[in-house]
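> Build me a model from this:
(2 chains)
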Amino acid sequence: MSDAVHAHDDHGHGHPSGIMRWLTTTNHKDIGTMYLWFALIMLFSAGTMALLIRAELFQPGMQLTNPDFFNQLTTMHGLIMIFGAIMPAFSGFANWQVPLMIGAPDMAFPRMNNWAFWLLPVAGILLISSFLLPGGAVAGGWTMYPPLFIQGGISYDLTILAVHILGLSSIMGSINIVTTILNMRAPGLTLMKMPLFVWTWLITAYLLLATMPVLAGAVTMLLTDRNFGTHFFNAAGGGDPVMFQHIFWFFGHPEVYILILPAFGIVSSIIPTFARKPLFGYASMVYATASIAILSFTVWAHHMFSVGMPAAAQLFFMFSTMLIAVPTGVKIFNWVATMWRGSLTFETPMLFAIAFVCLFTIGGFSGLVLAIAPVDIQLQDTYYVVAHFHYVLVSGALFSIFAGIYYWLPKWTGHMYNETLGKWHFWMSVIGMNILFFPMHFLGLAGMPRRIPDYALQFTEFNQIATVGAFIFGFSQLIFLVLVLKTVKGGAKATDQVWEGAEGLEWTLPSPAPYHTFETAPVVK
Amino acid sequence: MAVGNAKTLTKLIVVTIGMFGFGFALVPFYYKICEVTGINSGAEQSLAKNTQVDTSRWVTLEFDANINEALPWRFKPEVRSLRVHPGQLVQVEYEVVNTSDAPIVGQAVPSYGPARAAAFFKKIECFCFTPQTLAAGESRRMPVLFLLDPAMDRDVHTVTLSYTFFNIGTKAQTMGLQKGPPHG
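Next up is the predicted model:
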């Protein structure tokens, strides 16, 4: 990923070197690289927290942690994985790939791009250092519900500040991406000719612009409730804690599509390459993505069926949620149809992409189960929900990120990764991940509540299986780290096209991609 | 190109600020929705409803007021009779006037007819619980809050609540203040 160092030597026109080079860079490739490294560091920090959680849950009773620290771990694991690992990783892909895919020389606002990235480490430090504060880190859950979030100590203020900063970073990044895609496409590259990854990021960026400010508003209200005597959510002053849930999930449901739409884009780039066929149903993919984005604003209350709402509202949110399965199904069928009778080969990116299609579908189906209001009221806050969202976020979002890294790493570094190590990483991850999360379905159906450090004896076996899977999955990510470091350092020389079936502007460039690309726009026919 | 980017930037910033405002606009919007649809208004919640009212029968309540001859007061109920369901919370008021030219302490003692209804007549708040001191010529309206226990015999169709005010004047110390409220 840091081939840009060499490229920099080729373009010695007064850039600072060392740390200042990275602090002041406005190059989309440098910034993309930093986003991806930041995401990897956060993945390992929040992953360590997940392993602590699973180690505690290996046996009933309290072993390693105390209940308060356990809740701090679950809260920070969620916040850091979502805002620190998955979202920055997708931003990294956008920074690297959007200009390359549309034939633009850089992002529209390079200095704002630099700011958008460098806000992230600040927020990351605020979040992680809050473990050291009196009272520890926030323990009220990543959803930040009052009353817990208006009662906690100093770390709650720091977390609210961190969420503000993360939101600002996302908004700046989104403005950059939308402007780049709308204004800087190569001549001839019409909207309906754009690669699907660019389409999904365009729609994701709009979702971010529509929802991140709402989250900022919600946490601002929490902040003023805590420190300035307002009573938006404080029942003691006439406020309503349920209102927070409505405002939060108005952001929170589109947010889950922010976490998955770029994944759809990555998988839609990879599957045609390794099936050696064009993507089946390109236009329907675009419309399905747009429908998912629009529908995502009408389903938020399915996260809160159990707070009490009229039957009419439950029915509305139940059916609108089920409706989202239609465009999502269109996508799944299109990917399968792309593979149908293709000349398939199974390099690591393709393996992760196929695992994505299969396992994301499992997560989608458990989501349909949870959409049924009467069932959801039973399963609310159980491990069934934990199983569901880890299937869509780990085998969905995270696997697509792995797939994308394997797919584009040769273009970024100029070296092929080690295929054997890649296959090891894939099989260990996919097996470990299923051992880890599949038993959670059974635990949830049997009634084990989430976010609780202790459990009834009858849940022991499935928890032990899940913990074994967690350690297999967690430690197999070290293979990935080694593989990436080895590929950055050296390896077989990658060709310009890298993959036999790869099509698109980025594959017309040399590997590694030079520091400055498309200074004169290519013409797309 | 740069001009186009600046234009797009301005539009997107407007969208962002608009959505920040929209987050706050959701607050009055939420309360308006709750008000229009009647969700979330505490008084309407079915859980808080009194389910102990026996709506299958009516009982006629009669209110009576008497003054002991040693007490120069006037005393009368605001209403003479009411029809209620057993279990229903009822509040009625009595009016008392001190017609003398000196302050006097009086206390009311209740009695019930028929006597077997007395055990089912549950007073929650009553002016008879405490002695009442009235200045010369002062008048006062005094509430009684009570319900009839739904367990009351079904053949009781009329219950009379009768108060008699006694002059406890200077003898307040010895006449029952220490014993607490009279039975009933």
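> Let me see the mean pLDDT of the longest helix that chain A contains.
Of all segments of type helix in chain A, defined using DSSP state H, the longest is helix A:196-227. Confidence over helix A:196-227, taken as the mean pLDDT, stands at 96.
> same deal with stretch B:111-118?
88.
> End to end on that stretch, go ahead and measure it.
Using CA to CA, to the nearest Å, the span of stretch B:111-118 from its first residue to its last is 8 Å.
> List the buried residues for that stretch?
Of the residues in stretch B:111-118, those buried under the neighbour-count criterion (16 or more other CB atoms under 10 Å in any protein chain shown) are B:111, B:112, B:117. Glycine gets a C-beta too; all of them are placed from N, C-alpha and C.
> so which of those residues comes closest to chain A?
Of all those, residue B:117 has the smallest distance to chain A: 40.8 Å, by CB to the nearest CB.
> Name the nearest residue to the closest residue to chain A within chain B, ignoring sequence neighbours.
Residue nearest to chain A within chain B (CB to the nearest CB): residue B:23, separated by 2.6 Å. Using CB to CB, 6 or more residues apart in numbering or on different chains and skipping the chain neighbours, the partner closest in space to residue B:23 is residue A:217 (2.6 Å).
> Run through the residues that contact the one you found.
Taking CB atoms under 8 Å, 6 or more residues apart in numbering or on different chains, we find residue A:217 in contact with A:247, B:20, B:21, B:22, B:23, B:24, B:26.
> so where's chain B uncertain?
The model of chain B has pLDDT under 70 over residues B:1-2, B:40-51, B:170-184.
> Spell out which parts of chain B neighbour chain A.
By the rule CB under 8 Å from any CB of the partner chain, the part of chain B lying against chain A is B:1, B:4-5, B:8-9, B:12-13, B:15-24, B:26-27, B:30-31, B:37, B:39-40.
> Mind listing what's buried along stretch B:153-166?
Going by 16+ other CB under 10 Å, stretch B:153-166 has these buried residues: B:156, B:159, B:161, B:162, B:163, B:164, B:165, B:166.
> mind putting these in JSON lines, secondary structure included?
Conversion of those to JSON lines gives the following (DSSP: H, G, I helix; E, B strand; the rest coil):
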{"residue": "B:156", "secondary structure": "coil"}
{"residue": "B:159", "secondary structure": "strand"}
{"residue": "B:161", "secondary structure": "strand"}
{"residue": "B:162", "secondary structure": "strand"}
{"residue": "B:163", "secondary structure": "strand"}
{"residue": "B:164", "secondary structure": "strand"}
{"residue": "B:165", "secondary structure": "strand"}
{"residue": "B:166", "secondary structure": "strand"}
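> need these in a markdown table with distance to residue A:394, can you?
Shown next, in a markdown table, are these (distance: CB to CB, whole Å):
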| residue | distance to residue A:394 |
| --- | --- |
| B:156 | 70 |
| B:159 | 70 |
| B:161 | 72 |
| B:162 | 77 |
| B:163 | 75 |
| B:164 | 80 |
| B:165 | 80 |
| B:166 | 82 |
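> And whichever residue of the stretch 301-450 of chain A sits closest to chain B, its phi and psi?
Across the stretch 301-450 of chain A, the shortest distance to chain B (CB to the nearest CB) belongs to residue A:310, at 6.0 Å. Listed backbone geometry of residue A:310 is phi -60, psi 150, with angles given as degrees, to the nearest 10.
> since we're on it, how many residues are nearby?
Applying other CB atoms under 10 Å in any protein chain shown, we find 11 other residues in the vicinity of residue A:310.
> what sits against it?
By CB under 8 Å, 6+ apart, the contact list for residue A:310 reads B:37, B:39.
> what do you get for residue A:380?
For residue A:380, the set of contacting residues under the criterion of CB under 8 Å, 6+ apart consists of A:305, A:306.
> likewise residue A:426?
Applying CB under 8 Å, 6+ apart to residue A:426 gives the contacts A:348, A:351, A:352, A:355, A:402.
> Take these and keep only those in helices.
Cross-referencing the contacts of residue A:426 against helices under DSSP H gives A:348, A:351, A:352, A:355, A:402.
> which of the residues you listed sit farthest apart?
Pairwise distances among the ones in helices among the contacts of residue A:426 were taken by CB to CB; the largest, 10.5 Å, belongs to A:348 and A:355.
> tell me the helices in chain B, going along the chain?
With DSSP H as the definition, chain B shows helices at residue ranges B:2-37.
> How is it divided into domains?
B:2-44, B:59-173 (automatic domain parsing).
> okay, those domains, which one's buried deepest?
For the domains of chain B, ranked by mean neighbour count under the definition mean count of other CB atoms under 10 Å in any protein chain shown, the leader is domain B:59-173 at a mean of 16.
> and it, how far out from the chain's middle?
Here domain B:59-173 shows a centroid-to-chain-centroid distance of 15 Å under the convention CA atoms, centre = their mean, to the nearest Å.
> Tell me the spacing between the most centrally placed residue in chain A and chain B.
Taking CA atoms, centre = their mean, the centroid of chain A lies closest to residue A:86, which sits 2.8 Å from it. To chain B, residue A:86 is 22 Å away according to CB to the nearest CB, to the nearest Å.
> now swap in residue A:89 and tell me
Using CB to the nearest CB, we find residue A:89 at a distance of 23 Å from chain B.
> tell me the contacts of that residue?
Shown in contact with residue A:89 (CB under 8 Å, 6+ apart): A:35, A:36, A:39, A:40, A:43, A:401.
> For it, identify the helix or strand it belongs to.
With secondary structure defined by DSSP states H and E, residue A:89 is part of helix A:87-102.
> so after that helix, what's the next helix or strand?
Toward the C-terminus, helix A:87-102 is succeeded by helix A:110-129 as the next helix or strand (DSSP H and E).
> just the angle between that following helix and helix B:2-37, please?
Interaxial angle of helix A:110-129 relative to helix B:2-37 (axes from the mean of the first three to the mean of the last three CA atoms, to 10 degrees): 50 degrees.
> quick one: buried residues of helix A:110-129?
Counting neighbours by 16+ other CB under 10 Å, the buried set in helix A:110-129 is A:112-114, A:116-120, A:123-124, A:126-128.
> need the residues of chain A near chain B, please.
So chain A meets chain B at A:108-109, A:171, A:174-175, A:178-179, A:182-184, A:209-218, A:221, A:232, A:240, A:242-243, A:246-247, A:250, A:309-310 (CB under 8 Å from any CB).
> right, and the helix or strand after the longest helix of chain A?
Heading towards the C-terminus - elements assigned by DSSP H and E - helix A:196-227 is followed by helix A:241-258.
> Show me what that next one is packed up against.
For helix A:241-258, the packing partners by 3 or more CB pairs under 8 Å, 6 or more residues apart in numbering or on different chains; DSSP states H and E come out as helix A:196-227, helix A:282-295, helix B:2-37.
> Could you export that helix as CSV, CA atoms only?
Provided in CSV are the C-alpha atoms of helix A:241-258 (Å, rounded to 0.1, in the frame of the first residue of the first chain):
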residue,chain,number,x,y,z
PRO,A,241,-36.3,8.9,26.3
VAL,A,242,-38.3,7.1,23.6
MET,A,243,-37.9,10.1,21.4
PHE,A,244,-34.1,9.6,21.4
GLN,A,245,-34.7,6.1,20.0
HIS,A,246,-36.8,7.5,17.1
ILE,A,247,-34.2,10.2,16.3
PHE,A,248,-31.3,7.8,16.7
TRP,A,249,-32.8,5.1,14.5
PHE,A,250,-33.8,7.6,11.9
PHE,A,251,-30.0,7.9,11.5
GLY,A,252,-29.3,4.3,12.5
HIS,A,253,-31.2,2.4,9.9
PRO,A,254,-29.8,4.3,6.9
GLU,A,255,-26.4,3.8,8.7
VAL,A,256,-26.6,0.0,8.3
TYR,A,257,-27.0,0.6,4.6
ILE,A,258,-24.1,3.0,4.7
